[in-house]
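> I would like the atomic coordinates for the input below:
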Amino acid sequence: MKSLCRRAVLTALVAGLAVALVPDDGRAGDKRGDPVKIPTIDGVELHGTFYQSKKKSAPTVICLHAIGTGESSSKKGWTFLAEELQDKYSVMLFDFRGHGKSTNIQPDTFWSIPQNVKMVRGAPKKETIDYKDFAKTYYPYLANDIAAVKAFLDRKNDQGACNTSNTILIGAENGATLGAVWLNSEWNRFKLIASPNMFVLPSPSNTPEGRDVIACVWLSLASQLGAYDVGLTKTLEPAGKEGGTAMVFMYGDQDAKAKNVAAALEKNLKSKNNKGKFTAAVPIKGNTKLAVEKLLQKALGTDEAIKGYLDAVVDAKGQEWSEREFRKTNYVWRVGGTTIPAKAPMDTSNLSYFDYQRFLVK
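This is a model prediction of the structure:
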């Protein structure tokens, strides 16, 4: 190994491979998830499965499948990973819009959005959508789905079902890229804090919402998102370099392109803030290319490696549970000196609809 910090990451991953998973509540074989439906701000009905941990205030894992190729969260690799993590983590699997079961829309709401009309075939009467109907320029808009899922989980947090102050992203291929773009937006999103003086307008908090994301596991992270080339280093810098968010970049040991991307990100995202701890490029041996179905098969033990890594991160960086009160809280995005409302002032379950392209750094 080239550095002690990289050894620390690899040690956590290897430790996960060596430890048998034994549920701490004695419910072996009783792992399952509950189907959920999550409405987006523009009228898409997202379908997902929430695997609630019996551990109180369990960290919250959001899994992001690849997009634009017919992938979905119901593939065996994802459900297997969710079940293996459920002892200590509450896990959300969901299908992005147009994928899997997330095809139903509220036509009046969905087709009232100009970008949907322009970049999704079927306006104005179609009641279902399919990823095959998406223009490649539409891909960044799917970050609205991640925003809706996070808002849903913040409400779950307040019910005691999870702890979104310890949010973890696990993303594959261009689904991971979309997660990186969304994460960048979170480091530019702030709560509006009311002033005790009724004549003074609320002002943004000094703490970005991105601090809730304590770790990311990127599986064969892609540098292309639909029609866009993504500057992954710059997109991930606010979280991974400036904020010290733990990030591991995993790839198949024979996937030269993914290896090069991972190695560059490991080098570029280390900083004085995190001293490189928990930041590493990690090959998965015995796998020619990192398809999720192959990566997460039990024979490779990748699930246990991920769990060992996350356990180490939570022990080192875990944050206390706090009430979110998402519906009652207003937010803004702050980008380049410009403040943009991120949520309507009235009681609503979602952030405002947004293009997210300004958070896609080239």
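> name the SS class of Phe354, please.
Secondary structure state of Phe354, per DSSP: H, G, I helix; E, B strand; the rest coil, is coil.
> residues touching it, list them.
Contact criterion CB atoms under 8 Å, 6 or more residues apart in numbering gives Ala143, Asn144, Ala147, Ser185, Trp333, Ala342 as the residues in contact with Phe354. In this view, the C-beta of every residue, glycine as well, is placed from N, C-alpha and C.
> what do you get if the cut-off is 7 Å, keeping everything else the same?
Shown here is Phe354, whose contacts under the criterion CB atoms under 7 Å, 6 or more residues apart in numbering are Asn144.
> skipping adjacent residues, who's closest to Ser322 in space?
Of all residues beyond its chain neighbours, the one nearest Ser322 is Ser165 (5.5 Å), with distances taken as CB to CB, 6 or more residues apart in numbering.
> quick one: that neighbour from Leu153, how far?
11 Å (CB to CB, to the nearest Å).
> and what of Pro202?
Distance check for Pro202 against Leu153: by CB to CB, it reads 24 Å.
> neighbour count winner among those two?
Leu153 (24 against 13; other CB atoms under 10 Å).
> how about the more buried one, phi and psi?
For Leu153, the backbone dihedrals are phi -70, psi -30 (criterion: degrees, to the nearest 10).
> and Leu46, by the same measure?
phi -80, psi 140.
> quick check, pLDDT for it.
The predicted structure scores Leu46 at 98 on the pLDDT scale.
> burial of it, as a residue count?
Once other CB under 10 Å is used to define contacts, Leu46 is seen to have 25 neighbours.
> picking up where we left off before, ok but the residue nearest to Ser322 is inside a strand, no?
Yes: assigned with three-state DSSP, Ser165 falls within a strand.
> is it in contact with Trp321, as I believe?
Yes: with contact defined as CB atoms under 7 Å, Ser165 and Trp321 form a contacting pair (6.1 Å).
> and the residue lying farthest from the centre of the chain, how far from Lys125?
Distance from the centre of the chain peaks at Phe199, with 38.3 Å (CA atoms, centre = their mean). For Phe199, the distance to Lys125 under the criterion CB to CB works out to 49 Å.
> try Glu320
Look at Glu320 and Lys125: by CB to CB, they are 49 Å apart.
> run through the residues that contact Ala281.
Contacts for Ala281 were tallied using CB under 7 Å, 6+ apart; they are Phe249, Ala262, Ala263, Leu265, Glu266.
> quick one: which helix or strand includes Cys215?
Just so we're on the same page, residue 215 is Ala rather than Cys. Secondary structure here is read from DSSP states H and E; on that basis Ala215 sits in strand 213-219.
> repeat for Tyr251
Under the assignment given by DSSP H and E, the secondary-structure element containing Tyr251 is strand 246-252.
> okay, now the sheet partners of that strand, with direction.
Strand 246-252 sits in its sheet next to strand 213-219 (parallel), strand 279-284 (parallel), going by DSSP bridges.
> highest average neighbour count across these?
Greatest average neighbour count among the strands paired with strand 246-252 goes to strand 213-219 (a mean of 27), per mean count of other CB atoms under 10 Å.
> what's in contact with that strand?
The contact list for strand 213-219, computed with CB under 7 Å, 6+ apart, reads 166-173, 176, 183, 186, 239, 245-250, 290, 292, 295, 306, 310, 313, 317-319.
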